[in-house]
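In: Dropping a prediction and its sequence here:
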Amino acid sequence: MTDRFPTVTVIDHPLVQHKLTLLRDKATSTAGFRRIAREISLLMCYEVTRDLPLHDVEVETPLERMQAPQLSGKKLCFVPILRAGNGILDGMLEAVPGARVGHIGLYRDPQTLAPVQYYLKLPEDIGERLVIVVDPMLATGHSAAAGVTLLKRAGAAQIRLVCLIAAPEGLSTFTAEHPDVPLFTAAIDRCLDEHSYIRPGLGDAGDRLYGTK
Ligand code: URA
């Protein structure tokens, strides 16, 4: 938790911080960026799911019967915000292979700059799942906030947001609109620039993941 943003957790695990530095490095190749994005998101998934409820079930080991913990309830749904969100989905799915996956596509209207939905596909039982929205760069915060609003309208009741880097401006916007949604990030950077890029940031996450620039 931070003093300024009480619903925000900065994941300061050394492995996460090390991998984030590799992602920031402009010399990291597209293939390297994709691999490290998968690795860091797997590690971040541990922190985001740290408090999931468990209940005991009976299991028979080769030696004896015992009561052992198992995840309770309907479990998880990951929801990447397209397209960069897909880059941190695979690591999350490695940690929780049985999770469902929804997708949200948003673009920014060139006139109004408001986020507009162009794709939405969610599991029918979204209201019964813990929904983990993944969006690597929380810049202005408008897309993530709009994505979470869409999820709430679709019935999602328990939502968390994971990003790699957040700008203070994005955190202010997001936490004001969704004070009920815990947010996890590996870093809070200095600011947004005039093009809404996070500084120092890591550049355009989608372009670096998919080699489009
Ligand atoms: N999206 C990105 O990919 N990078 C930024 O710095 C801001 C938004």
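Out: Received, thanks.

In: which parts of the chain sit against the ligand?
Out: Ala84, Met137, Ala139, Ser196, Tyr197, Ile198, Gly201, Asp204, Ala205, Gly206 (C-beta under 6 Å from any ligand atom). In this view, the C-beta of every residue, glycine as well, is placed from N, C-alpha and C.

In: again, only using 8 Å
Out: Proximity of the chain to the ligand is confined to 84, 136-137, 139-140, 165, 167, 192, 196-199, 201-208 under the rule C-beta under 8 Å from any ligand atom.

In: how many neighbours does Ser29 have?
Out: By other C-beta atoms under 10 Å, 10 other residues sit near Ser29.

In: Check the one 5 residues further on too.
Out: As a burial measure, Arg34 scores 17 neighbours (other C-beta under 10 Å).

In: ok now the helix or strand it falls within, how far from the chain's centre?
Out: With elements delineated by DSSP states H and E, Arg34 resides in helix 30-48, which encompasses its position. Chain-centre distance of helix 30-48: 11 Å, with C-alpha atoms, centre = their mean, to the nearest Å.

In: what's that helix in contact with?
Out: By C-beta atoms under 8 Å, 6 or more residues apart in numbering, the residues outside helix 30-48 that reach it are 9, 11, 13, 15-16, 19-20, 22-23, 28, 87-92, 94-96, 132, 134, 136, 160, 162, 164, 184, 186, 208-211.

In: Just the buried ones from those?
Out: Neighbour-count burial (16 or more other C-beta atoms under 10 Å) applied to these gives 9, 11, 16, 19-20, 22-23, 28, 87-92, 95-96, 132, 134, 136, 160, 162, 164, 184, 186, 208-210.

In: Let me see the ranges of the strands in this protein.
Out: Ranges of strands within the chain are 8-10, 54-60, 65-71, 76-82, 100-101, 103-108, 115-121, 130-134, 137-138, 158-166, 183-188, 191-192, 198-199, based on DSSP state E.

In: quick one: strands adjacent to the fifth one?
Out: Looking at strand 100-101 with DSSP bridges, its partner strands are strand 76-82 (parallel).

In: got a list of contacts for the strand it pairs with?
Out: In this structure, residues lying in contact with strand 76-82 by C-beta under 8 Å, 6+ apart are 49, 85-86, 88-89, 92-93, 96, 99-106, 119, 122-123, 126, 129-135, 143-144, 147, 151.

In: Try it again at 7 Å.
Out: Applying C-beta atoms under 7 Å, 6 or more residues apart in numbering, the contact partners of strand 76-82 are 86, 89, 92-93, 96, 99-106, 119, 123, 126, 129-135, 143-144, 147, 151.

In: what do you get for stretch 129-138?
Out: 48, 74-81, 84-85, 87-89, 92, 100, 123, 143-144, 147-148, 151, 156, 158-167, 170-171, 174, 185, 198, 205.

In: In that stretch, which residues are buried?
Out: When neighbours are counted by 16+ other C-beta under 10 Å, the buried residues of stretch 129-138 are found to be Arg129, Leu130, Val131, Ile132, Val133, Val134, Asp135, Pro136, Met137, Leu138.
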